[in-house]
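> coordinates only, sequence not included:
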């Protein structure tokens, strides 16, 4: 089936912290995935196991695609998901570092008092790609829209146990994609996740960061096409 299957499968999308499914739009457009085949899973619950029913109901005709927090949620269920592919962008498959807790909690507090855009603007540096200002604007818009979910998403990030055991028994092929300059989830973590999966492949995107999906959606689509060729 190869690349053609990506256009005919249904896609279940799991966005990251303070993100909407708009984070995937350019990437899916580049793959020619019809809008009617895109549906999303809202990250509004504070435990990775709260998403079991949603994810484990997937079929072999479904691609599960996650970004950052959404990727780690999907990865924790990899051993129980019967899907066509798991495609995971900006994945950190490890349990959360306890030292990150104060910063996560401070972000959540700022989002609740200042709004999502203002809270992120003070924390995000420049973006890569041809249109960094456009990327920043979109990130801020998404953050404001998803601000009411920040408490659940913070708890979700803090409490995750680590996805490597599940990835080690993944039922579907796993594709991990990470920007070369991603400091939130460095490439070595995406590589580790892919190496752990029985049928895993990893792509590193030169010159792109954590928001590679927005910085260069065409490069992300090409990386996934290449991964399909490798898995064929």
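Now that the structure is in, tell me what you want to look at. Since we're looking at a predicted model, the values are computed, not measured. Residues are numbered from 1 along each chain as shown.

> what ranges do the helices span in this protein?
2-8, 25-30, 52-56, 69-75, 101-114, 116-121, 132-146, 150-159, 164-168, 187-196, 212-215, 217-231 (DSSP state H).

> what's the second one packed up against?
In other words, helix 25-30. Helices and strands touching helix 25-30, as assessed by 3 or more Cβ pairs under 8 Å, 6 or more residues apart in numbering; DSSP states H and E, comprise helix 212-215, helix 217-231. Using the backbone N, CA and C atoms, a C-beta is placed for each residue, glycine as well.

> try it again at 7 Å.
Here helix 25-30 touches helix 217-231, going by 3 or more Cβ pairs under 7 Å, 6 or more residues apart in numbering; DSSP states H and E.

> got a list of contacts for stretch 98-118?
With contact meaning Cβ atoms under 7 Å, 6 or more residues apart in numbering, stretch 98-118 is reached by 18, 119, 123, 140, 143-144, 146-147, 150-151, 154, 157-158.

> and what of stretch 54-74?
Stretch 54-74 is contacted from outside by 6, 9-17, 19, 23-24, 41, 43, 48, 51, 77, 80-93, 153, 156-157, 160, 163, 185, 210, 213, using Cβ under 7 Å, 6+ apart.

> can you tell me the distance between the two ends of it?
10 Å (Cα to Cα, to the nearest Å).

> also stretch 85-100?
Stretch 85-100 end-to-end distance (Cα to Cα) = 31 Å.

> related to what we said a few turns ago, restricted to buried residues, select the contacts of stretch 54-74 in ChimeraX.
Buried members of the contacts of stretch 54-74, identified by 16 or more other Cβ atoms under 10 Å, are gathered into one ChimeraX selection as follows:
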select :6,9,10,11,12,13,14,15,16,17,19,23,24,41,43,48,51,77,81,83,84,85,86,87,88,89,90,91,92,93,153,156,157,160,163,185,210,213
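
> from the contacts of stretch 54-74, which ones fall inside strands?
Among the contacts of stretch 54-74, DSSP state E puts 10, 11, 12, 13, 14, 85, 86, 87, 88, 89 in strands.

> the second one contacts residue 35, correct?
No - judged on Cβ atoms under 7 Å, residue 11 makes no contact with residue 35 at a distance of 10.2 Å.

> export the helices of the chain to a markdown table and tack on distance to residue 177?
As requested, the helices of the chain are arranged in a markdown table below (distance: least, Cβ to Cβ, whole Å):
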| stretch | distance to residue 177 |
| --- | --- |
| helix 2-8 | 13 |
| helix 25-30 | 10 |
| helix 52-56 | 19 |
| helix 69-75 | 9 |
| helix 101-114 | 24 |
| helix 116-121 | 22 |
| helix 132-146 | 17 |
| helix 150-159 | 20 |
| helix 164-168 | 15 |
| helix 187-196 | 7 |
| helix 212-215 | 7 |
| helix 217-231 | 5 |
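
> out of these, which comes closest to residue 176?
helix 187-196 (4.0 Å; Cβ to Cβ).

> thanks again, I'm all set now.
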